[in-house]
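>>> Starting from these lines, generate the structure:
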Amino acid sequence: MKPSRYLLSREALKLQAKRLRAELASQGQEISHSNALELVARQHGARDWNTLCARSGNELLLQPGDRVKGRYLGQDFQGEILGLTLQGAGESRRVTLHFDQPVDVVKFESFSSLRQRVSGEIGLDGCSVRKTSDGVPQLIVSEILQSGPAR
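Here you go, the predicted model:
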């Protein structure tokens, strides 16, 4: 079974809030459902419930050591995340990848240029901010194949 490190669905997050509210009520602390939603949002690192809803299910939670797959300049790859740094307000990340097999980044048949270690800036969805001339993200980290060592 593949590890699921995506943020939970909106329904699962609402269920967490419902359970939190019920547990607190059983301990004599009544809170509103909206307060429970806000607490769940903060627990997941979001500013508020609306922010969490916007991200739910779309954010790929990566860490160094993860084995991932995706596409770089139109070529499929599998490799390992060597480095990961949050950029700006945390809406994007600088990632350094080491591919298992070098990928040819040139489409011209008479010439090739192989890359095995690359860095790029990706959004929370795993897609790079920069795009190729045909509008496709330069780097797409699409799936976690195996989680790296625990933090």
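
>>> use CA for all of it now, contacts and neighbours both
Will do.

>>> Give me the residue ranges of this structure where confidence is low.
Where the chain drops to pLDDT under 70, the residues are 1-9, 56-59, 89, 149-151.

>>> how about a cut-off of 80?
1-12, 44, 53-61, 88-91, 147-151 (pLDDT under 80).

>>> domain assignment for it?
Using automatic domain parsing, the domains assigned to the chain come out as 10-55, 67-146.

>>> Of all those domains, which one comes closest to residue 61?
Residue 61 lies closest to domain 67-146 among the domains of the chain, at 7.8 Å (Cα to Cα).

>>> tell me the centre residue of this protein?
Nearest to the mean C-alpha position of the chain, by Cα atoms, centre = their mean, lies residue 60 at 1.8 Å.

>>> would you list every one of the strands in this protein?
67-72, 75-87, 92-104, 114-123, 139-146 (DSSP state E).

>>> and the domains of the chain as JSON lines, adding mean neighbour count?
Shown next, in JSON lines, are the domains of the chain (neighbours: other Cα atoms under 10 Å):
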{"stretch": "domain 10-55", "mean neighbour count": "16"}
{"stretch": "domain 67-146", "mean neighbour count": "16"}
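
>>> still on that earlier bit, in JSON lines: the strands of the chain, plus distance to residue 35.
Output for those, formatted as JSON lines (distance: least, Cα to Cα, whole Å):
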{"stretch": "strand 67-72", "distance to residue 35": "37"}
{"stretch": "strand 75-87", "distance to residue 35": "29"}
{"stretch": "strand 92-104", "distance to residue 35": "28"}
{"stretch": "strand 114-123", "distance to residue 35": "29"}
{"stretch": "strand 139-146", "distance to residue 35": "33"}
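
>>> Not counting its own residues, what contacts the lengthiest helix in the chain?
As assigned by DSSP state H, the longest helix anywhere in the chain is helix 10-26. With contacts defined as Cα atoms under 8 Å, 6 or more residues apart in numbering, helix 10-26 is touched by 30-33, 36-37, 39-40, 53, 56-57.

>>> Looking at those residues, spot the one nearest residue 136.
Distances from residue 136 to the contacts of helix 10-26, taken by Cα to Cα, are shortest for residue 57, at 21.8 Å.

>>> Distance check, the residue nearest to the centre of the chain against residue 94.
Relative to residue 94, residue 60 is positioned 14 Å away (Cα to Cα, to the nearest Å).

>>> Fine, thanks again, bye for now.
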